[in-house]
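Undergrad: Sequence and predicted structure are below.
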Amino acid sequence: MRLNKKFIVSIIIASIVVVGAILVVAQDEESKRKESTLESLDRFGEVFEKVLDYYVEEKDPSELIDAAINGMLKDLDPHSVYLDSYQYQNLMIDTKGEFGGLGITITVRDDYPTVISPLEGTPAYSLGIQGGDKIVKIEGVPTKGWKIEDAVKKLRGKPGTKVKITIVREGVADSLHYTVTREIIKVASIPYYDDMDGIGYVRISRFSENTAGELEKILNELEAKKIEGLIIDLRSNPGGLLQAAKEVSELFLEKGKLIVYTKGRVEKNNRKYVSQSRKVHNGYPLVVLVNGASASASEIVAGALQDWDKAVIIGQTSFGKGSVQSLFPIGKSAALKLTTAKYFTPSGRCIHREAEDNASAEEIAKSKKNGDKKQVFHTASGRVVYGGGGITPDWKITLPEFTELERKLELKGLFFSFAVHYTAFHKVGENFKVDDMVIKEFRDFAAEKKVESTDADWKNKENVDYIRNGIKREVFRKLYGLKGAYIATLPEDEEVQKAIELFKKAPTLSEMFKYVEEQKKQAPASEKAAE
């Protein structure tokens, strides 16, 4: 319902009066600042009223207020944002790791919402919904041209309610019609773990309320198998809850060890987070994998374990998202997410990378590569680590850049599309191998999808190896879900294999640190700047 403009203006003026009453008891400097605020609010109220009264088109007052709020926040950092009810709800889902829905991950392919894979044990999984299924209608409404968030809004809902969807599946002539009863869907923050010949591997994809509990159960299971080492994979983990990062760190740090501390402009935002651990999992050496997309909570964990010499960090310098966002509820259903402090590792390194908001990708990459050699810090044992933002790995692995063909194939989502097509017309099992015939069929498929390439592209061994891995990854994902993708790719994952190599050559943590230092000395001069 349209709000009465006079009522809104009166609310603004009433707020100004309240602030004015506070000014009476304020100190001089504070009084001047708030007097300036008063004048600004008064000016805003006048402009707001004039727009409502005289603008050529009628405007919704609440939309104008939202626009004004967003305009104000644009002058802050990119992480300070106003969340409407939908965005706030999604944030709560990310925090809790559960929601009412069908149990599918989706993307957009060929202009339709398309299932990537169903989550095991969910309604979608039980009904036989498959990766590659195109959702062409939801509740009878055509979905062509929908964005992912449009589909998500319609598919999620209160547990116990039903939603009707129509699916088109490659290789099946008729459309498939499903009525799905929504259930509570719990999103695991640890999508995969395994015992890889005595070396435990755990992939943490996010930090939510349940992460530490999930991890401890997995550690107990792996330890019962007598693992001799552990790999925690935090690559491309965007972060999550500070409390979850603290609890995960506590699993490896003795009681009383500082995990992270925060500094802000307001005193109450200066806090220290210390381990309260009762049981420490330290009977084996630990490796943590990070990359340029490891951020926030991931960097807290990696930084704490590095500073206390509890793990060898392998990969590339992390993102450098070390700012603290506090959540302030606004009204009944909105919220303000505001940067209030910055994170520091136990050695004193600021995790946050100070970069201009409009810095180019090349400038950010150069900043990560070079680090800041002037900011020297030391771990508990005296090892040198550097500041400048992000967590610099102990052992830097330089990965090859995408070739032009690889980039084209990934941008078009060709591996996923081909997996859907191939499995519709070929019987495929767990022994599936990408031989030359499969490569030829993929090349023909890519040509049909208007991917330009040359004979030289397909004779390039780097391209062909990448394509083999991409096809196998997506075929296994199609057949066995996300776990299948990990099973297919980990044996070819360079950083995972480097970590396994490290365990074999240096079976203790102290030997690992020595081995890594030797690798640094042997690294090309171009790479040493980043070590």
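TA: Cool, got the structure.
Undergrad: what's the helix or strand where residue 263 lies packed up against?
TA: Secondary structure assignment for residue 263, by DSSP states H and E: strand 258-264. With contacts defined as 3 or more Cβ pairs under 8 Å, 6 or more residues apart in numbering; DSSP states H and E, strand 258-264 has these neighbours: helix 242-250, strand 271-274, helix 297-307, strand 334-344. Any C-beta I mention is one placed from the backbone N, CA and C, and that applies to glycine too.
Undergrad: List of residues touching the first one?
TA: The one in question is helix 242-250. Helix 242-250 is contacted from outside by 189, 204, 207-209, 211-212, 215, 239, 259-260, 273, 275-277, 296-298, 300-301, 304-305, 324, using Cβ atoms under 8 Å, 6 or more residues apart in numbering.
Undergrad: Return the distance of that helix from the chain's centre.
TA: Offset of helix 242-250 from its chain centre (Cα atoms, centre = their mean, to the nearest Å): 16 Å.
Undergrad: quick check: longest helix of this protein.
TA: Ordering each helix of the chain by length in residues (DSSP state H) puts helix 461-489 first.
Undergrad: List the buried residues for that helix?
TA: In terms of neighbour count (16 or more other Cβ atoms under 10 Å), helix 461-489 has its buried residues at 463-464, 466-489.
Undergrad: care to break this structure down by domain?
TA: The chain breaks down by automatic domain parsing into domains covering 5-75, 98-186, 194-393, 404-492.
Undergrad: The second one: how far from the chain's middle?
TA: In this case it means domain 98-186. Chain-centre distance of domain 98-186: 23 Å, with Cα atoms, centre = their mean.
Undergrad: got it, and the third one?
TA: Between the mean C-alpha location of domain 194-393 and the chain-wide mean there is a distance of 13 Å, by Cα atoms, centre = their mean.
Undergrad: which other residues reach the strand holding residue 263?
TA: Contacts of strand 258-264 (Cβ under 8 Å, 6+ apart): 242, 245-246, 249-250, 253, 269-275, 300, 303-304, 324, 340-346.
Undergrad: Buried only: go through the residues you listed for me.
TA: Judged by 16+ other Cβ under 10 Å, buried ones among the contacts of strand 258-264: 242, 245-246, 249-250, 253, 273-275, 300, 303-304, 324, 340-346.
Undergrad: Any regions of the protein where pLDDT drops low?
TA: 1-31, 355-374, 524-531 (pLDDT under 70).
Undergrad: one more time with 80, if that's ok
TA: 1-35, 93-98, 120, 278, 354-374, 522-531 (pLDDT under 80).
Undergrad: In three-state terms, label residue 408 for me.
TA: helix (DSSP: H, G, I helix; E, B strand; the rest coil).
Undergrad: so what's it up against?
TA: Residues in contact with residue 408 (Cβ under 8 Å, 6+ apart) are 414, 451-453.
Undergrad: repeat that with 6 Å
TA: residue 451 (Cβ atoms under 6 Å, 6 or more residues apart in numbering).
Undergrad: quick one, strands of the stretch 351-500 of the chain?
TA: 372-378, 384-387, 395-396 (DSSP state E, counting those that start in this stretch).
Undergrad: The stretch 101-250 of the chain now?
TA: 104-109, 112-118, 134-138, 141-142, 162-168, 176-181, 183-186, 192-196, 199-203, 229-233.
Undergrad: Please point out which parts of stretch 438-449 sit buried.
TA: 438, 441-442, 446.
Undergrad: Oh, that last question was meant for stretch 35-54, not what I typed.
TA: 45, 48, 52.
Undergrad: and what of stretch 395-413?
TA: 395-397, 405-406, 408-409, 413.
Undergrad: Looking at these, spot the one nearest residue 233.
TA: Nearest to residue 233 out of the buried residues of stretch 395-413 is residue 397 (Cβ to Cβ; 13.1 Å).
Undergrad: Assess the claim that residue 194 and residue 201 are in contact.
TA: Yes. Counting by Cβ atoms under 6 Å, residue 194 touches residue 201, with 5.1 Å between them.
Undergrad: More neighbours: these two, which one.
TA: residue 201 (24 against 17; other Cβ atoms under 10 Å).
Undergrad: any idea how far residue 312 is from the more buried one?
TA: Distance check for residue 201 against residue 312: by Cβ to Cβ, to the nearest Å, it reads 15 Å.
Undergrad: Run a quick neighbour tally on residue 457.
TA: 19.
Undergrad: oh, I was asking about residue 247
TA: The burial count for residue 247: 22, using other Cβ under 10 Å.
Undergrad: circling back: right, and out of the buried residues of stretch 35-54, which lies closest to residue 138?
TA: residue 52 (37.5 Å).
Undergrad: and residue 418, what does it touch?
TA: Residue 418 sits next to 442, 445 when contact means Cβ under 6 Å, 6+ apart.
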